[in-house]
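[1] Quick one, fold the following:
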Amino acid sequence: MVFLPREEASRHACHEEIKRAIAAEGQIILGWRDVPLNENIPMSPVVHEKEPVIRKIFVDHSPDVLVTDALERKLYIIRKTCSIATSNLKLKHCKEFYISSFSARTIFYKGQLLANQVGEYFKDLKDSLCVSAIALIHQRISTNTFPLWSLAHPFRMIAHNGEINTLRGNFNWIKAREKKISSPVFSKDLETYGL
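    Reported below is the predicted structural model:
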């Protein structure tokens, strides 16, 4: 699930960075799908103005990827590398690019919405073919960061109750320690991509 800029040239640049990252990891793009949305959901003009283009990308694994965990690692690297590459473009609207979920296991439907609007806004969730073992809704109330579409919960792996310090503080904390981060699973990728 990908949030893309409304501005066409920036959206195209983001598409290209995703394609490059997927190809670099030897995976295969099956296609894109515009996520059907209910445009009649009431939302503030400020929220509506920042509403991204929301699309799903479908990726097939290469023959050397034999288990879901291996694919999850590839998708993580793809997500990180195309996010970094898109940010490095320094295009005004590329800041609107955000990969909400990129997983073989989970799909996140997230937005700058009230909890009771999620099922109405995303038409997929009303489709009888949409089946899930679990559904979780979390409503974020921003107390020390400005609300953005990309900051809407759920997080990719965790959720929390309340603000964890500040966004900038957490970013600086991890930046200061990133050279000491190691992983037996991602060791080569951490060095290659500077993740």
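
[2] Quick one: neighbours of residue 77, just the number.
    Residues lying near residue 77 (other C-beta atoms under 10 Å) number 21. Quick note: C-beta positions are derived from backbone N, CA and C, even for glycine.

[3] Can you tell me the SS state at it?
    Under DSSP: H, G, I helix; E, B strand; the rest coil, the three-state class of residue 77 is helix.

[4] Please state the offset of stretch 59-66 from the chain centre?
    Offset of stretch 59-66 from its chain centre (C-alpha atoms, centre = their mean, to the nearest Å): 21 Å.

[5] Buried residues in that stretch, which are they?
    59, 61, 65 (16 or more other C-beta atoms under 10 Å).

[6] quick check: domain ranges of the protein?
    Domain assignment for the chain, taken from automatic domain parsing, gives 2-164, 165-195.

[7] and the buried residues of stretch 59-66, which of them are in strands?
    Applying DSSP state E to the buried residues of stretch 59-66, the entries found in strands are residue 59.

[8] could you dump the buried residues of stretch 59-66 to a markdown table with pLDDT?
    Shown next, in a markdown table, are the buried residues of stretch 59-66 (pLDDT from 0 to 100):
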| residue | pLDDT |
| --- | --- |
| 59 | 96 |
| 61 | 95 |
| 65 | 93 |
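
[9] JSON lines for the buried residues of stretch 59-66, including distance to residue 18?
    JSON lines is the format used below for the buried residues of stretch 59-66 (distance: C-beta to C-beta, whole Å):
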{"residue": "59", "distance to residue 18": "9"}
{"residue": "61", "distance to residue 18": "16"}
{"residue": "65", "distance to residue 18": "18"}
